[in-house]
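Novice: need coordinates for the below:
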Amino acid sequence: MIITIARTFGSGGRQVGELLAQKLGISCYDHNLLSEAARQSGINEDFFRRMDEHANNHPITGGLFGMRFPFLSGSGTTDQSLDANTLFQIQSDTIRTIADREEAIFIGRCADYVLRERTDCLKVFIFANADDCVKRVVNRLQVDEEQAAILIEKTNKQRSKFYNYFSSKTWGKASTYDIAVNTSLLGIEATAESLAVLARQLKAKAIQR
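Specialist: Sure thing, here's the model as predicted:
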């Protein structure tokens with residue numbers, strides 16, 4: 001069973017993914033995906049993380065175009081030109097490699113689109129009521145409510161632009177996913193448990209075929 005989670009900022013989607021992974025006894029890949037991608041590609045991990053951060057802040061035209069980052073090689077580092085498309089391809093290859101070797105949960109990074117050909121993939125979109133998102137960001141980042149609202153809007157726009165640019169679908173649109181869940185209804189723990197029940201049912205159904 002492979003599960004992908006796209007989420008709005010402040011919805012608690014990452015926490016849901018981590019709890020869900022614990023309940024199912026499988027791995028959850030979020031920022032730790034970068035370590036795997038760096039290892040597979042041979043790129044210095046510190047620079048890979050800087051590249052990823054820059055691409056996330058400037059998901060389309062601002063991204064990595066024209067920037068140069070060092071690769072690790074047997075004899076040290078060498079300059080190679082990388083752009084946002086190359087970064088996306090490296091991450092996509094890593095996601096596919098992991099999905100081929102183990103059951104896992106992937107958070108963000110267009111994983112649902114990258115794994116669109118798989119029949120064992122549950123694609124989830126997690127969101128929450130605006131007030132709950134603001135409260136969660138205030139508590140997490142120690143900012144005021146106005147700053148939190150601005151960050152939420154900015155981050156969601158970035159995620160939407162990134163996803164819509166690299167995929168043929170629309171970020172946040174119901175038909176893009178198998179299920180959309182509002183964490184404001186049940187809370188983080190109960191949402192994770194509900195998804196765990198669904199995942200187990202789908203896995204059992206697949207085994208019976």
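Novice: nearest residue to residue 167 in space, please, no chain neighbours.
Specialist: Closest residue to residue 167 apart from its sequence neighbours, by CB to CB, 6 or more residues apart in numbering: residue 113 at 3.9 Å. Bear in mind the C-beta positions are built from the backbone N, C-alpha and C, glycine included.
Novice: what's the pLDDT at the residue nearest to the spatial centre of the chain?
Specialist: With distances taken as CA atoms, centre = their mean, the residue of the chain nearest its centroid is residue 108 (1.3 Å). Per-residue confidence (pLDDT) for residue 108: 94.
Novice: and the residue nearest to it when sequence neighbours are not counted, how far is that from residue 174?
Specialist: Using CB to CB, 6+ apart and skipping residues adjacent in sequence, the residue nearest residue 108 is residue 6, 6.4 Å away. Distance of residue 6 to residue 174, given as CB to CB, to the nearest Å: 12 Å.
Novice: do residue 7 as well
Specialist: Here residue 7 is placed at a distance of 14 Å from residue 174 (CB to CB).
Novice: which one's more surrounded, these two?
Specialist: When residue 7 and residue 174 are compared for neighbours, residue 7 comes out ahead with 24 against 10, by other CB atoms under 10 Å.
Novice: so what's the residue count around the spatially closest residue to that one that is not a sequence neighbour?
Specialist: Spatial nearest neighbour of residue 7, excluding adjacent residues (CB to CB, 6+ apart): residue 13 at 2.5 Å. Counted with other CB under 10 Å, residues neighbouring residue 13 total 25.
Novice: quick check, residue 13 in contact with residue 3.
Specialist: No: assessed by CB atoms under 8 Å, residue 13 is found out of contact with residue 3, at 11.7 Å.
Novice: per-residue pLDDT, residue 168?
Specialist: pLDDT, residue 168: 86.
Novice: now do the SS call for it.
Specialist: coil (DSSP: H, G, I helix; E, B strand; the rest coil).
Novice: which non-adjacent residue is nearest it?
Specialist: residue 113 (7.6 Å).
Novice: cool, and residue 92?
Specialist: Nearest one to residue 92, counting by CB to CB, 6+ apart, is residue 114 at 4.6 Å.
Novice: would you mind giving me the confidence score for that neighbour?
Specialist: In this prediction residue 114 is given a pLDDT of 97.
Novice: any chance of the backbone angles for it?
Specialist: Here the main-chain torsion angles of residue 114 (degrees, to the nearest 10) amount to phi -60, psi -40.
Novice: that one: neighbour count?
Specialist: Applying other CB under 10 Å, we find 23 residues neighbouring residue 114.
Novice: same deal with residue 84?
Specialist: Neighbours of residue 84 using other CB under 10 Å come to 23.
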